[in-house]
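>>> Here you go, sequence then predicted model.
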Amino acid sequence: MPHTRAEAGAETGTEVAAGGGGGWASQGVLCFLAEASDLLAGHTDEDKVASLAGQLMVPRFADWCAVWLRDEERSRPPRLARVWHAQEGRIAALRAELTRHPPLGTPRALPGRAVPWHRHREPAGADARAGTDGKAGADGKAGADGRAGAEVRCDLVVGGRTLGSLVLGREGLPRFPDGVLGLVEDFARRVALAVLSARRYTLQATISQVLQRGLLPSEEVHVPGLDTALVYEPAGEGAWAGGDFYDLLRLPSGRWRFALGDVCGSGPEAAVVTGLARPVLRLLAREGYSVTETLNRLNREVGEQARFLSVVYGELAFRDGLVDCTLTCAGHPLPLVRDASGAVRTAALPQLLLGVAQDVDYDSQSFTLRPGDTLLCVTDGVTERRSGRHLFDDGDGLAALFAECAGLEAGATAERLRRAVHAFAPDLPADDLAMLVLRAPDGPPRRPHTT
């Protein structure tokens with residue numbers, strides 16, 4: 001026994017195409033619904049879902065289609081999101097007419113059922129889909145644009161929530177066939193699911209942006225006495241906050257602390273660790289803990305969250321035109337130093353990720369940045385950028401490209417590396433991308449470059 005009216009129409013050969021063609025019904029209804037599901041799925045903008053819905057229904061099943069969407073604020077009237085007509089020149093007039101007569105109220109029928117609709121009256125009765133002859137469909141009265149024809153409304157319902165309404169019209173048709181109404185109901189359910197998915201994506205993106213603003217420094221990224229540049233690009237549109245993070249903190253002594261980290265994983269759980277790491281690093285630094293003591297304590301905090309964290313963490317001290325740097329690299333891509341001649345070397349020794357073991361004591365390495373020397377710290381979104389089987393840092397590719405940036409200011413160095421990472425593969429980066437460039441300038445320091 002068929003489960004839906006659309007399937008019933010397909011099995012009995014009911015005339016599904018509004019303009020005729022019963023043979024199509026038995027072969028194409030389920031294919032159409034499957035295709036519609038594929039096309040609607042994955043859209044992150046509810047208005048695009050509405051637009052696609054209209055184009056799928058017109059002109060195959062109707063002369064025109066309109067989609068109203070209801071906001072989460074239920075006190076507001078439904079919004080006419082999209083109008084589509086087989087004759088494009090009539091879209092503007094149809095939109096104006098429909099704007100004056102939205103589908104207000106709830107039809108007296110089961111939620112998600114297709115019912116007759118007219119601009120001047122809503123359907124009434126226990127089951128509004130039935131006309132005086134007991135058959136489904138509108139009765140051919142004047143439609144939304146004043147022309148005779150059948151019109152039908154089906155609310156977009158998911159889990160008892162009405163997200164909007166889908167309305168179709170067909171000129172010169174006394175009523176929509178029963179098979180079309182069943183198909184409209186199945187189609188409306190798919191549109192409703194796509195709208196709900198798009199709204200959830202939008203909500204997630206909004207939350208992510210708010211979290212990201214709270215997890216990163218609000219002040220300008222600049223270390224006086226150093227030419228400073230930062231690149232920070234979260235992967236994916238609306239991606240969850242919680243991956244890479246950075247920080248620069250000035251201490252009362254005139255020294256500076258810096259951090260570039262990456263939480264293993266993603267989503268809100270990773271955001272918790274990101275939200276923990278930066279405040280702990282700042283608090284311990286202000287209380288006078290050394291670089292290694294700070295990481296030892298952060299390691300225990302991260303371990304309690306059952307998460308792993310990689311980080312480059314260091315301190316800068318200025319003296320007589322030189323910059324003394326002390327840093328630790330815990331499970332992170334090794335920082336690089338390029339001297340004024342263009343020679344590149346690693347600036348730290350590899351050590352264990354934070355959160356793996358509680359009893360680890362981290363070591364630090366020290367060196368001096370002289371005029372023209374540049375320190376580069378990156379996350380694995382740079383070194384592990386993939387193109388087929390190859391990684392960006394295969395064969396010390398990052399060090400080789402960094403060496404070619406000799407003589408460039410921090411901003412130009414960061415931009416060249418950023419472009420190279422994007423150009424390495426044709427697809428967009430799948431991981432967050434962050435890099436911090438600190439250069440001891442030959443002359444007076446320049447303003448920071450931030451991307």
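Perfect, thanks for sending it. Residues are numbered from 1 along each chain as shown.
>>> The residue lying closest to V280 once chain neighbours are set aside and A235: what is the separation?
When the adjacent residues along the chain are set aside, V280 lies closest to L298, with 5.3 Å between them (CB to CB, 6 or more residues apart in numbering). Any C-beta I mention is one placed from the backbone N, CA and C, and that applies to glycine too. Relative to A235, L298 is positioned 24 Å away (criterion: CB to CB, to the nearest Å).
>>> Between the two, which is the more surrounded one?
Neighbours per residue, other CB atoms under 10 Å: of L298 and A235, the larger number sits with L298, 25 against 16.
>>> picking up where we left off before, flag every buried residue along the helix or strand containing the residue nearest to V280.
Remark: L298 resides in helix 291-304, with elements defined by DSSP states H and E. Residues of helix 291-304 classed as buried: 291, 293-296, 298-299, 301-303 (neighbour count, 16 or more other CB atoms under 10 Å).
>>> From the chain's centroid, how far away is it?
In terms of CA atoms, centre = their mean, to the nearest Å, the centre of helix 291-304 is found 32 Å from the chain centre.
>>> could you say what helices and strands that helix packs with?
Identification of packing neighbours for helix 291-304 by 3 or more CB pairs under 8 Å, 6 or more residues apart in numbering; DSSP states H and E yields helix 267-286, strand 309-319, strand 322-330.
>>> which stretch in these has the least confidence?
Ranked by mean pLDDT, these bottom out at helix 267-286, with a mean of 80.
>>> got the CA coordinates for it in CSV?
Output in CSV follows, covering the C-alpha atoms of helix 267-286 (Å, rounded to 0.1, in the frame of the first residue of the first chain):
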residue,chain,number,x,y,z
GLY,A,267,33.2,22.5,17.7
PRO,A,268,32.1,23.8,21.1
GLU,A,269,34.2,21.3,23.0
ALA,A,270,37.4,22.7,21.3
ALA,A,271,36.1,26.3,21.9
VAL,A,272,36.0,25.5,25.7
VAL,A,273,39.7,24.8,25.6
THR,A,274,40.5,27.8,23.5
GLY,A,275,38.5,29.9,26.0
LEU,A,276,40.5,28.4,28.8
ALA,A,277,44.0,28.7,27.3
ARG,A,278,44.2,32.4,26.6
PRO,A,279,43.0,33.6,30.0
VAL,A,280,45.2,31.1,31.8
LEU,A,281,48.3,32.2,29.8
ARG,A,282,47.5,35.8,30.6
LEU,A,283,46.8,35.3,34.3
LEU,A,284,50.0,33.3,34.9
ALA,A,285,52.2,35.7,32.9
ARG,A,286,50.9,38.7,34.9
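>>> elements contacting that helix?
Packed against helix 267-286, as judged by 3+ CB pairs under 8 Å, 6+ apart, are the following elements: helix 178-215, strand 244-250, strand 256-263, helix 291-304, strand 309-319.
>>> switch the cut-off to 6 Å
helix 178-215, strand 244-250, strand 256-263, helix 291-304 (3 or more CB pairs under 6 Å, 6 or more residues apart in numbering; DSSP states H and E).
>>> export the ones you listed to a markdown table and tack on mean pLDDT and distance to M57?
As requested, the helices and strands packed on helix 267-286 are arranged in a markdown table below (pLDDT from 0 to 100; distance: least, CB to CB, whole Å):
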| stretch | mean pLDDT | distance to M57 |
| --- | --- | --- |
| helix 178-215 | 79 | 7 |
| strand 244-250 | 89 | 44 |
| strand 256-263 | 92 | 45 |
| helix 291-304 | 90 | 53 |
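>>> tell me the most buried of those?
Mean neighbours per residue, mean count of other CB atoms under 10 Å, is largest over those for strand 256-263, with a mean of 25.
>>> of all the helices and strands packed on helix 291-304, which lies closest to G112?
The minimum distance between G112 and the helices and strands packed on helix 291-304 falls on helix 267-286, with 32.3 Å, by CB to CB.
>>> buried stuff in that closest one?
Counting neighbours by 16+ other CB under 10 Å, helix 267-286 gives 270-271, 273-278, 281-282, 284-285 as buried.
>>> give the contact list for D63.
With contacts taken as CB atoms under 6 Å, 6 or more residues apart in numbering, D63 has the following neighbours: 86, 169-171.
>>> By neighbour count, which of those residues wins?
Comparing those by number of neighbours (other CB under 10 Å), G169 comes first, having 28 neighbours.
>>> Pull the residues that contact the host helix or strand of that residue.
Secondary-structure assignment from DSSP H and E places G169 in strand 161-171. Under the criterion CB under 6 Å, 6+ apart, residues 18, 62-70, 103, 117, 143-144, 147, 149-156, 188, 192, 195 lie in contact with strand 161-171.
>>> Just the C-alpha atoms of the helix holding L298, please, in PDB.
Coordinates of the C-alpha atoms in helix 291-304 are reproduced here as PDB (Å, rounded to 0.1, in the frame of the first residue of the first chain):
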ATOM      1  CA  VAL A 291      57.400  30.700  30.100                       C
ATOM      2  CA  THR A 292      58.000  27.100  31.200                       C
ATOM      3  CA  GLU A 293      56.100  27.400  34.500                       C
ATOM      4  CA  THR A 294      53.200  28.900  32.600                       C
ATOM      5  CA  LEU A 295      53.000  25.900  30.200                       C
ATOM      6  CA  ASN A 296      53.400  23.400  33.000                       C
ATOM      7  CA  ARG A 297      50.400  24.800  34.700                       C
ATOM      8  CA  LEU A 298      48.300  25.100  31.500                       C
ATOM      9  CA  ASN A 299      49.200  21.500  30.600                       C
ATOM     10  CA  ARG A 300      47.400  20.300  33.800                       C
ATOM     11  CA  GLU A 301      44.400  22.500  33.100                       C
ATOM     12  CA  VAL A 302      44.100  21.200  29.500                       C
ATOM     13  CA  GLY A 303      44.500  17.600  30.600                       C
ATOM     14  CA  GLU A 304      41.500  18.000  32.900                       C
END
